[in-house]
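Quick one, what's the 3D model for this:
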Amino acid sequence: MEISSLFIGLRLALGLFELNSALTINNCGDGLKHRAECLEVRAGAGFSTEASSVMCELLGTARLPAFSVDGDYVIGGVFSIHYNTQKVNIDAVVLKISRVMVFAIEEINNSTKLLPGIRLGYQIHDSCASVTVAVHAAFQLSNGLDPVFYTGANCSKSSTVMAVVGESGSTPSISISHVIGPFNIPQVSHSATCACLSDKRQYPSFFRTIPSDQFQAVALAKLVKHFGWTWIGAVRSDSDYGNNGMAAFLDAAHKEGICVEYSESFYRTHPRSRIQRVADVIRSSTARVVVAFSTNGDMGILLEELSREPSPPRQWIGSEGWITHPDMLRFTFCAGAIGFAIQKAVIPGLRDFLLDLSPTKVAASPVLTEFWEDAFNCRLEQSTKVELIPCGSATDKKVCNGSEDIRKLQSPYTDTSQVRSDNMVYKAIYAIAHAIHNAVCQETNSTPQCDKLTRTEPKQVLTQLKKVKFSQNGYHVSFDANGDPVATYELVNWQKSESGSIVLVTVGYYDASLPLAKVQICVILSMYCMWQVPVSVCTDSCPHGTHKVLQEGKPICCNDCVPCPEGEISNVTDSSDCFPCPKEFWPNANRDTCFPKPVEFLSFDEVLGIILAAFSVGGACLAIITASVFFRHRTSPIVRANNSELSFLLLFSLTLCFLCSLTFIGAPSEWSCMLRHTAFGITFVLCISCVLGKTIVVLMAFRATLPASNVMKWFGPAQQRLSVLAFTLIQVVICILWLTISPPFPFKNFTQFKDKIILECALGSAVGFWAVLGYIGLLAILCFILLITFSMLIFCAVWITFIPAYVSSPGKFTVAVEIFAILASSFGLILCIFAPKCFIILFKPEKNTKKYVMNKNASYRNGVALTHSGAGRKVVSSTHLGTVSRTTSASLLSHSGSRTADGMMTPSGTNSEKVLVVQPTRSGTGAETLAGMSLLAHWICDLGGNTLIGTPGDYKLSGDVFKARLRDRNKGTVNSAANPLGNRLGSLNAGFFVSTPAISCIRVDITICKLGCRD
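Sure, this is the predicted structure:
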């Protein structure tokens, strides 16, 4: 299969030679060192046998090399010395490159360490930037220049060259490799960068001293990304170099998130309309950055077209194929262009060699002659009759007079300040020389011994070329498995000098051997890049706090900037997504930084906390002051009538209620969380228990007025204390169970508010909390039901409204609502219960006397009023049943004794009696009158200040005779009078305080018996 491919390639190349008749050399001479004969071009190959040899004849016409020297081993070279096949224009840069090859070979021939005793020769051909001519040169290097030669059996023979250097472009290099590769002739290119040439299956004998475009493409993409250019245009040469290089770049750019608005291809041979179209696309595009992967020949044509019509400023990114070429620097509108180039080098002695052109040397070479005549615009007199016109013809010029000085010539040929591709050729020659050295030389006592008579095939040189590893002038040379060197580039920038011309300034480096970052932009970048870096984006960059959202139907670089969602941030430009802040952090207003969430709790430092604390302390002080007032006036009638023991306990519990609200203020801790709820629950139960005890006392007093009722003795002071203790112990048990099973604990609430942390006390067990609260409510409702008072009305109203307010209040206001409920209910109790009494005690002392209490008219819900005839006052309620009065009316009763000053009768002897007369206001039976008397007894009990004077005696009630028995509990004596009807008695026991001249505050029982009452 490989042999068939070889013959097909050979036949194709031979056909191309026949079509290239325009390049045929018509005249031959012997002025050159190689023998050439004028032979007729034949239509086919032929061979004849003379004796035992075969005469072989080359098809086509041989092309003489531009430069050639015989040697023991010959190295071929193919360079595009002329720009094209139609014009007689020499590329001075390529001419210098070909001369560098000559310089390197001569330097090696003069070396005693490399190939000592062996002389290298060279054959350098001009391809005229034509693939066809390059292939022709490749065949000629393989076969030699002899048009006829004799072999033993067939027309096969060894190659005349050991290796070939060139070509400059990738496309001709690929063609040359297809020709010489099957013969195992190594090819080392100094400028072919197509990544495709790294494929050893297709190009097994190809090497290069310039890095592959794969590295350059990646480097260019990173460069574009470095400057933030995400919206670019792309142009390329329509060749293997441009197409493959741009494909690699676009792939790398896509990975970097760079979008391409357009990608256009062109070639120097395309019609002008095609070039104009590409130029118009560049002018009309919105992308301000253009990446050009092109050769200098193609790029010059495009820039020439753009220079004809002004276009908006564009930032050019160039490949090594044109960014450093001297001819490109004339396009000053490209100032600021930046790109990667071959590293600049220094080759000692090169400048002197290039300038060592005497008229004799120039006249001996048609190429140098053409260069000389073009450079000085004169014509050298021909010293020979041979005229070689390889690519065109010259025009008539004046004869050079010998005053021309090449050292004063301003030309790329003489410029050695930018030695780049020249060094690649220099290294290629030395690499081949080292390979030949390793193939033919042996080390003897550290001295190389080379045998130039040893028959060496190109295949041996190919094998050794894969192994070469050396340094020359400080530059390392080696090849990897793909025949590629280590990729190193310089980053160059076009800058305007003071004169207005463009100069190249190195601003950075690229080194593929670096372990991590392959692009190393030097710090000198900011120092030397004087141009203002443009902005080239499809849409403006998304600032911090936003993220990109792709616009529908557009490239990925065209996007909208959307603010980050709540709780998320982005702290990089053009962020593709936002990320959430940690749990205890929250974004700032710009949503580009996470800050710790503020921790919120009701503290003593804020206004609300200070106000609530002030009311709490104020309430506690008010309770203490009230207790002090009551204690100071503890013997006064109002204090004694108010059940002083429960009153003091109630004031103590209210003080604790006020103070326990302070535990709700401040940062919650483990102990404060347990204390605040339990202290609140226990103190409030103690408070409500005292109120409930007072309420039960009143109710029992009401029931004690009923006949045959003896209930008061079952609810004395001891029972009252026990009831308060029992009610409180139940709450204590609930709190203990709560704290044991699942106690409250400090808790950071992240869910109620997203932008702050609520530091609060978690309930632990919600059942425990609501059990404590529910038990308080149960006692309060019980008090409210038994005896409706304004204080309990306020208490119940506060705690009923507390529940929805507590559930719906946010953050620290939940605690504030709880404190407010505690303070409001506590103030309601203390003000409604104790404020009126304290007012009388402090500001109306005249009403806090026995006499005033005795003479005070009062009305109760059952409508009984007590009047003194002497006082002349009478209070009757709307439901009045009757009046009871002390009187001395002779028409109602007879008695003995004297009258006191207030109209009361004092006893005189043993038969004296006190008479209570009940005057019904409406007709009724004795039962109604008895009911009135019962109410009177209850009223006396509640008032607690009635005074009975004298000894026990009989009482009369509206004509009915009652019997009163007074029992002195302290003395244990009972005084009673005979009952006329002792078989039918109705009795009522009522406890109240009696004041006598001898004994104060004695607890007595009074039994009033009605004569003739029903059972």
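
Find the residue ranges of this protein scoring beneath the pLDDT cut-off.
Along the chain, segments meeting pLDDT under 70 span 1-52, 86-88, 150-154, 156-158, 382-396, 515-531, 701-715, 787-791, 853-1015.

pretty sure residue 675 contacts residue 662?
No - Residue 675 sits out of contact with residue 662 when judged by Cβ atoms under 8 Å, with a separation of 10.3 Å. All C-beta atoms are positioned from the backbone trio N, CA, C, and that covers glycine.

who's more crowded, the two?
residue 662 (19 against 16; other Cβ atoms under 10 Å).

Quick one: neighbours of the closest residue to the more buried one other than its chain neighbours, just the number.
Take residue 662 and drop its neighbours on the chain: the residue closest to it by Cβ to Cβ, 6 or more residues apart in numbering is residue 616, 5.4 Å away. Neighbours of residue 616 under the rule other Cβ under 10 Å: 23.

give me the element residue 616 is part of.
helix 607-632 (DSSP states H and E).

For that helix, enumerate the helices and strands it packs against.
In terms of contacts (3 or more Cβ pairs under 8 Å, 6 or more residues apart in numbering; DSSP states H and E), helix 607-632 is packed against helix 644-660, helix 812-843.

For that helix, buried residues please.
For helix 607-632, the neighbour count (16 or more other Cβ atoms under 10 Å) marks 609, 612-613, 615-616, 619-620, 622-623, 626-627, 629-630 as buried.

tell me which of those residues is nearest to residue 511?
residue 609 (65.5 Å; Cβ to Cβ).

didn't that closest one look like it was pressed against residue 602?
Yes - look at residue 609 against residue 602 with Cβ under 8 Å: they come within range, at 5.2 Å.

Now for those two: what residues contact both?
With contacts defined as Cβ atoms under 8 Å, 6 or more residues apart in numbering, the residues shared by residue 609 and residue 602 are 665-666.

List the contacts of residue 105.
Shown in contact with residue 105 (Cβ under 8 Å, 6+ apart): 69, 71, 75, 120-122, 429.

Give me the number of neighbouring residues for residue 597.
Residues within reach of residue 597, counting by other Cβ under 10 Å, total 20.

same question, residue 806
Residue 806 has 17 nearby residues by other Cβ under 10 Å.

Domain-wise, how is the protein divided?
By the record's domain assignment, the chain is partitioned as 58-211+418-478, 358-415, 546-596, 607-850 (the TED database).

How about the contacts made by residue 675?
Contacts of residue 675 (Cβ under 8 Å, 6+ apart): residue 663.

Quick check: it vs residue 632, distance?
Distance, residue 675 to residue 632, using Cβ to Cβ, to the nearest Å: 33 Å.

Kindly report the same for residue 647.
Taking Cβ to Cβ, one finds residue 647 at 13 Å from residue 632.

Residue 322 now?
110 Å.

Residue 754 too?
57 Å.

now residue 762, nearest residue through space, not along the chain?
residue 747 (3.7 Å).

now swap in residue 540 and tell me
Residue 540 sits nearest to residue 561 (Cβ to Cβ, 6+ apart), 7.4 Å away.

what are the bridge partners for the one you found, then?
With DSSP bridges as the criterion, residue 561 is bridged to residue 548.

For it, grab the count of nearby residues.
Other residues near residue 561 come to 16 when the count uses other Cβ under 10 Å.

picking that back up, what's near enough to touch the residue nearest to residue 662?
Contacts of residue 616 by Cβ under 8 Å, 6+ apart are 658-659, 661-662, 819, 823.

Look up how far residue 210 lies from it.
Taking Cβ to Cβ as the measure, residue 616 falls 88 Å from residue 210.

ditto for residue 350
Distance of residue 350 to residue 210, given as Cβ to Cβ: 18 Å.

Of these two, which one has the most company?
Remark: of residue 350 and residue 210, residue 210 carries more neighbours, 24 against 21, as counted by other Cβ under 10 Å.

so which strand or helix has the residue lying closest to the more buried one once chain neighbours are set aside?
Excluding its sequence neighbours, the residue lying closest to residue 210 (Cβ to Cβ, 6+ apart) is residue 424, at 5.1 Å. Taking DSSP H and E as the definition, one finds residue 424 inside helix 421-440.

which residues of the stretch 401-550 of the chain fall in strands?
Shown for the stretch 401-550 of the chain, the strands assigned by DSSP state E, counting those that start in this stretch span residues 441-444, 447-450, 469-472, 475-478, 488-496, 502-511, 519-520, 546-550.

Go through those strands and name the closest to residue 191.
Using Cβ to Cβ, the strands of the stretch 401-550 of the chain put strand 488-496 closest to residue 191, at 13.9 Å.

what's that closest one packed up against?
Short answer (3+ Cβ pairs under 8 Å, 6+ apart): strand 488-496 packs on helix 213-226, strand 338-341, strand 502-511, helix 525-528.

Taking their axis directions, the helix holding residue 616 and helix 644-660 sit at what angle?
Between the axes of helix 607-632 and helix 644-660, defined by axes from the mean of the first three to the mean of the last three Cα atoms, to 10 degrees, the angle is 160 degrees.

residues contacting the closest residue to residue 259 other than its chain neighbours?
Residue nearest to residue 259 in three dimensions, not counting chain neighbours: residue 557, with 3.4 Å by Cβ to Cβ, 6+ apart. Contacts for residue 557 (Cβ under 8 Å, 6+ apart) come out as 230-231, 257-259, 537-539.

what's the answer for residue 687, then?
Going by Cβ under 8 Å, 6+ apart, residue 687 touches 650, 653-654, 657, 826, 829.

now, which of those residues sits nearest residue 793?
The closest of these, once distances to residue 793 are taken by Cβ to Cβ, is residue 829, at 11.1 Å.

how much space between the closest one and residue 628?
Per Cβ to Cβ, residue 829 is found 18 Å from residue 628.

can you check residue 638 too?
In terms of Cβ to Cβ, residue 638 sits 15 Å off from residue 628.

same check, this time on residue 334
99 Å.

If we ignore the residues flanking it in sequence, what's nearest residue 506?
Nearest residue to residue 506 in three dimensions, chain neighbours excluded: residue 490, at 5.0 Å (Cβ to Cβ, 6+ apart).

Also residue 372?
Once flanking residues are discounted, residue 372 sits nearest to residue 362: 4.8 Å by Cβ to Cβ, 6+ apart.

Tell me which helix or strand the one you found sits in.
Short version, using DSSP H and E: residue 362 is in helix 359-364.
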